[in-house]
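Asks: Show me the folded form of this:
(2 chains)
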Amino acid sequence: MVTRIHQNMEVRDAKMQARDVSVYYESKRAIDNVSIDIPNKLVTAFIGPSGCGKSTFLRTLNRMNDTIPSARVDGEITLDGENIYSPKIDVVQLRARVGMVFQKPNPFPKSIYENVAYGPRIHGFAEKKDDMDAVVEHSLKRAGLWEEVKDRLSDSGTALSGGQQQRLCIARAIAVDPEVILMDEPCSALDPIATAKIEELINDLADNYAIVIVTHSMQQAARVSQRTAFFHLGQMVEYGPTSDIFTNPLETRTKDYITGRYG
Amino acid sequence: MTITTLLLLAVGLALAGWLAARARAWSFQKADGARRLAARPQYHAWFVALWIILPVLLFIGLWSVISPQLVTQSVLASPAGQALPDFDLERTKLLNEARAVAEGSAIGVFNEGARPLIEPYRDALSRYQFIGLALTVIIALLAGMQAFLRLKPDFAARTKVEKIVMSVLILASLVAILTTLGIVVSLVFETFRFFEKISPIDFLFGTEWGPDPIASADNPDPSRYGAIPLFWGTIYIGAIIAMIVAIPLGLMSAIYLTQYASPKWRSWLKPTLEILAGVPTVVYGYFAALTVAPFIRDIARAAGVENASSESALAAGLVMGVMIIPFVSSMADDSIAAVPQSMRDGSLAMGATTSETIRRVLVPAALPGIVAGIMLAISRAIGETMIVVMAAGAAANLTANPLETMTTVTYQIVALLTGEGSFDHPATLAAFALGFVLFLVTLGLNFIALRVVKRFREAYE
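Replies: Below you'll find the predicted structure:
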């Protein structure tokens, strides 16, 4: 099965490239020969029914699958041309460059300040208190949370509302100044208002970062992304500009999915 | 006719109630097949059975306490009883002999004075046995009837049974609490008797320990009842040396087991580690006395400590530390494993290494469980006796040198209670005072630990 790639895509420099990537859990193949270019400073959405492998594939991009002992990745994934699965790569450095936001907001049970300062602290970005304050403020501002929390930075991060927690997690990811941000269904646990705020934030962030978002909601993919890849049964069926995927899909499976015939 | 028979009778009556109630519920069903009962027939049955067995059990419990006294009283009221000597000990002896014969557990009496008491005893016993039996049946019938009469097709027997079950569970938990209270009260009582003879100031702040059970009980030498060396020994061995061994080893093994070990290796290692907790402390005592203590002595001698003895606080503390590793590690293991995977993922995705994740996220979040495990371990170590007896010696030395012999509170309690002093001698009563203070110390430690945890814990929900 070969992925249908829309040929009218505007050429962009690829931040990340996957070539013939397959992922196995023990002997079960979860991802089958996926090749894709992730463009810089755009939002790429992965859509598809549950269990299609889109989250698994997302997690290969910052090697979070390493934490699952039975998972094995074949093929090549590069970040700025460098194979991230090469033995020379330091996973810790990689994850600092490719940040991740999870489905369920998972702030650490620390203060709001300490949540954001966590990454800079372990990577030694800001040694002095003033520098750290600046990093925290900047990150919270970028995440659109500063105005809401600036007077209670020492409160626990877990005391925030769900939407605020998710923005805190985004601030935490931004604080280490990554180049790519992976988002695994970041709004699935949030109400519509909080979702709208996150989507707006994703739009803003795309000015500076390459963003990859996994989503169940096709409307969300249509709203926030410029590129969309449709996954089904571990394969990437179709990849192209979001507008084309939704108005003019090449594959019947894609069309069936986006018109709500299954999934 | 004994308590056992009464219990069997109670079970039998409850069973009868159960069957009757179920039959009644079935008859409801048969009478009006279209309507559903509010509860299944089994619940009607259980409702009645519980209503029978619980009051009866309560009565049997009370009766087993009251009836022997009633029997004794009626014997004393008999002519033969009136003729008994007034002196307490003699009287009790005669009564006991007569009772043993009357109950059939002894063939005859040694003391002729007890003979006339046997008949009144027999009478009283059989009378009160009959009363007990009759009351049991009456209570069972009354309770059973009132429960049975409440049965109706729309009677919510299921929720009622649920309530009864809940109150039984509450009672069960009260037993543990009441027992603790009882222990404290009994300790307090004896402790006050001790403090009437030795002032608490001398006891708590004196630095010489050497109670003399032979000395006169009426004016003991308060300077020999200073408990400081004992408490120091207890804390030094149990809370300092043992913890220096147990906390790092226990925590590190818990971290290895939860974060690094493969599932297969973990399934082997964890039970093996927990076997340590099952080894009897006497066996640890051997190990400490025969292997570790001589080894430490030899090393100390080789290092130039001339008078190193073969009993040392260090040996006892080290072995005790090993003994309590499972307490620390198993609680830490459980609480680290209970931290949600999303916390770990969140930290790893920020580019933290596994050990940074453990230090900065997992351990702070698991802190309450870790501290609870450590407190449990300290309580265990402080209360431990056998290892100290075998490896640390009996001399109450107030020193910081771990190579010296040292003794602990628990060891001294055993020594005092099994010693030669009579029961109201201060040297014996001191055991209760020691136990009471030890109890307060452990309670205080737990209290402080709870406060510390509350202050520093990072709750993840």
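Asks: Residues contacting stretch A:12-31, please?
Replies: Stretch A:12-31 is contacted from outside by A:32-42, A:53, A:56-57, A:60-61, A:65, A:68, A:70-81, A:98, A:179-180, A:210, A:234, using C-beta atoms under 8 Å, 6 or more residues apart in numbering or on different chains. All C-beta spots, glycine's among them, are computed from the backbone N, C-alpha and C.
Asks: residues of it that come out buried?
Replies: For stretch A:12-31, a neighbour-count test (16 or more other C-beta atoms under 10 Å in any protein chain shown) marks A:14-18, A:21-23, A:29-31 as buried.
Asks: now for the residues you listed, which pair is the farthest apart?
Replies: Distance extremes for those: the farthest pair is A:15 and A:29 at 26.4 Å, using C-beta to C-beta.
Asks: just to revisit the earlier point, I'd like to know which of the contacts of stretch A:12-31 are buried.
Replies: So, by 16+ other C-beta under 10 Å, the buried ones in these are A:32-40, A:42, A:53, A:56-57, A:60-61, A:65, A:71, A:73, A:75, A:77-79, A:98, A:179-180, A:210, A:234.
Asks: Can you tell me which of the residues you listed end up in strands?
Replies: Of these, the ones assigned to strands by DSSP state E are A:32-39, A:71, A:73, A:75, A:77-79, A:98, A:180, A:210.
Asks: Check which helices and strands the least confident helix or strand in chain B by mean pLDDT is in contact with.
Replies: Within chain B, no helix or strand scores below helix B:79-82, which has a mean of 76 by mean pLDDT, DSSP states H and E. The contact analysis (3 or more C-beta pairs under 8 Å, 6 or more residues apart in numbering or on different chains; DSSP states H and E) places helix B:79-82 against helix B:115-150.
Asks: What helices and strands are in contact with the helix it packs on?
Replies: Under the contact criterion of 3+ C-beta pairs under 8 Å, 6+ apart, helix B:115-150 touches helix B:3-31, helix B:41-77, helix B:79-82, helix B:88-103.
Asks: Would you check how far apart residue B:157 and residue B:194 are?
Replies: 56 Å (C-beta to C-beta, to the nearest Å).
Asks: Near the nearest residue to residue B:282 once chain neighbours are set aside, how many residues? Count them for me, please.
Replies: Excluding the flanking residues, the one nearest residue B:282 by C-beta to C-beta, 6 or more residues apart in numbering or on different chains is residue B:386, at 5.1 Å. Counted with other C-beta atoms under 10 Å in any protein chain shown, the neighbours of residue B:386 add up to 21.
Asks: Check residue B:262 too.
Replies: Neighbours around residue B:262, by other C-beta under 10 Å: 9.
Asks: Tell me who's in contact with it.
Replies: Residue B:262 is in contact with residue A:69, counting by C-beta under 8 Å, 6+ apart.
Asks: Distance check, it against residue B:269.
Replies: Using C-beta to C-beta, we find residue B:262 at a distance of 10 Å from residue B:269.
Asks: Equivalent analysis for residue B:130, please.
Replies: Residue B:130 sits 63 Å away from residue B:269, taking C-beta to C-beta as the criterion.
Asks: which stretches of chain B have low pLDDT?
Replies: B:1, B:34, B:86-88, B:421, B:458, B:460-461 (pLDDT under 70).
Asks: which one's the longest helix in it?
Replies: If you go by DSSP state H, chain B has its longest helix at helix B:157-197.
Asks: What count of nearby residues applies to the residue lying closest to residue B:184 once chain neighbours are set aside?
Replies: Take residue B:184 and drop its neighbours on the chain: the residue closest to it by C-beta to C-beta, 6+ apart is residue B:439, 6.9 Å away. The tally of other residues near residue B:439 (other C-beta under 10 Å) stands at 17.
Asks: Could you list the contact residues of the stretch 1-150 of chain A toward chain B?
Replies: Contacts of the stretch 1-150 of chain A with chain B, taken as C-beta under 8 Å from any C-beta of the partner chain, map to A:62, A:64, A:67, A:69, A:92-96, A:99-100, A:102, A:104, A:106-110, A:118-119, A:122-123.
Asks: 10 Å instead?
Replies: When proximity is defined as C-beta under 10 Å from any C-beta of the partner chain, the stretch 1-150 of chain A approaches chain B at A:59, A:62-64, A:66-67, A:69-70, A:90-111, A:114-115, A:118-123.
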